[in-house]
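In: next one to model:
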Amino acid sequence: MPTDKMNGRSIRINRLPATIAAILVTVLLVYFLNFHQEERPAIYGMLRSDNPNKVNLRKMLIAAIQAAQRGGLEVLDVAHSRQLKERSKGKTDEGVNDPFTDADGRSHCVMKQGLQRIFPRVQIFSEEDKEHCRQAHSFDLDPTVLHETAQVPDVEVNAPDVTVWVDPLDATKEYTEELYEYVTTMVCVAVAGRPIIGVIHSPFNGQTAWAWVGNSMSEYLANLHPQHSQKSGDLSPIITVSRSHTAGAKDLARGIFGEDVGLLTAAGAGYKVLQVVANNATAYLHTSKIKKWDICAGDAILHALGGTMTTLNDQLIHYGPDESPVNTEGLLATLERHEEYMDKLAKYRAAHNGKLA
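Out: Predicted coordinates for the structure are as follows:
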């Protein structure tokens, strides 16, 4: 034990209490840091609102972007493994095989469970809700998914008014055929039945188009939509339709829009909306029933850009929790000239006894 001398006297310094004190301080620091590390997601992401019956839409936007991107990683992983475990869910109304793959299931579990953990009071619908997720998948809110100039205010709405629509893998058939350009993962947030936040993520090019109506949009979406392009009124119509049922699409498009109409066949509702956004098509036409998780995100994005998506009866599509998940009235989606196109469609119908085919 060391000693020190003071005024000629030896003073013994006992290090044992000091050592014990140092150990206690260290233990307390480790406990404090670990405790707050465990709590950090709730604090950093503010996963729990002061009012559990409210939903912060800024946080919902962040979570929607992350969910779509996380789902996209699962889609990529399965594609790279080539272990698709494909099976059929049956036939579509057009008689086309409706496949399901391991990517659909894995993306669904990551997207839905991740969103549900953060927003347990919000109603979330996913295309693959029948799938059982064996393990919990989650993520913590990461505001860095927003670009620095994004205008995303803290807005709260009532949780019962919010409905989320999730498409874990749009264009599964094309995914199995390795036509990856059509594949997207999508999330849409509707408030009181109206779509206000839309996210369309393209896993194979890594780009995410998102928009919050009246607030902001992703830089990719802003760049995809040319601000000073030639007005669509100066162009002959180019109509994008599904490649899975194109047999009579050309004749129908010509009948509605004239002989000079162009036809862009494509797959995936998300992809087709982005073709309208990019002015590669002047309208997206769908004449049969379609699920709302296929179209809600695109509806929100078009609305944010000043565009329109309606049924073929010119009615807005509602996405509330009590609504049917199926839109049976077809759709027309445009950035411009919507009323003009609806007039043409109405005239065609009148000339064909109310029928489109």
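In: ok, residue 297 - contacts?
Out: Contact analysis of residue 297 by Cβ atoms under 8 Å, 6 or more residues apart in numbering lists 165, 167, 186, 187, 188, 195, 198, 199, 200, 270, 273. No exception for glycine: its C-beta is placed from N, CA and C like everyone else's.
In: and the residues you listed, which of them are in strands?
Out: Those of the contacts of residue 297 mapping onto strands are 165, 167, 186, 187, 188, 195, 198, 199, 200, per DSSP state E.
In: and the fifth one, how close does it get to residue 241?
Out: Same thing as residue 188. Residue 188 is 22 Å from residue 241, where distance means Cβ to Cβ, to the nearest Å.
In: so which strand or helix has residue 302?
Out: helix 292-304 (DSSP states H and E).
In: just give me how far that helix sits from the chain centre.
Out: Computed by Cα atoms, centre = their mean, to the nearest Å, the chain-centroid distance of helix 292-304 equals 9 Å.
In: try stretch 289-303
Out: 10 Å.
In: same thing with stretch 199-207?
Out: That offset, for stretch 199-207, works out to 10 Å (Cα atoms, centre = their mean).
In: repeat for stretch 129-147
Out: Relative to the mean C-alpha coordinate of its chain, stretch 129-147 is positioned 12 Å out (Cα atoms, centre = their mean).
In: so how far is residue 186 from residue 168?
Out: Per Cβ to Cβ, residue 168 is found 9 Å from residue 186.
In: quickly list what residue 201 is bridged to.
Out: Here residue 201 sits in beta bridges with residue 185, residue 208, going by DSSP bridges.
In: tell me the contacts of it?
Out: Residue 201 neighbours (Cβ under 8 Å, 6+ apart): 65, 68, 69, 71, 72, 184, 185, 186, 207, 208, 209.
In: what's the closest of those residues to residue 255?
Out: residue 184 (30.1 Å; Cβ to Cβ).
In: show residues contacting stretch 310-318.
Out: 193-194, 287, 292, 295-296, 299, 309, 327, 329-332, 338, 342, 345, 356.
In: kindly recompute the last result at 7 Å.
Out: The contact list for stretch 310-318 (Cβ atoms under 7 Å, 6 or more residues apart in numbering) reads 193, 287, 295, 299, 309, 327, 329, 330, 331, 332, 342, 345.
In: and what of stretch 264-276?
Out: Contacts with stretch 264-276, where a contact means Cβ under 7 Å, 6+ apart, come from 170-171, 174, 179, 182-184, 186, 200, 209, 224, 238-244, 246, 280-281, 283-284, 290, 294-295, 297-298, 301-302, 333-335.
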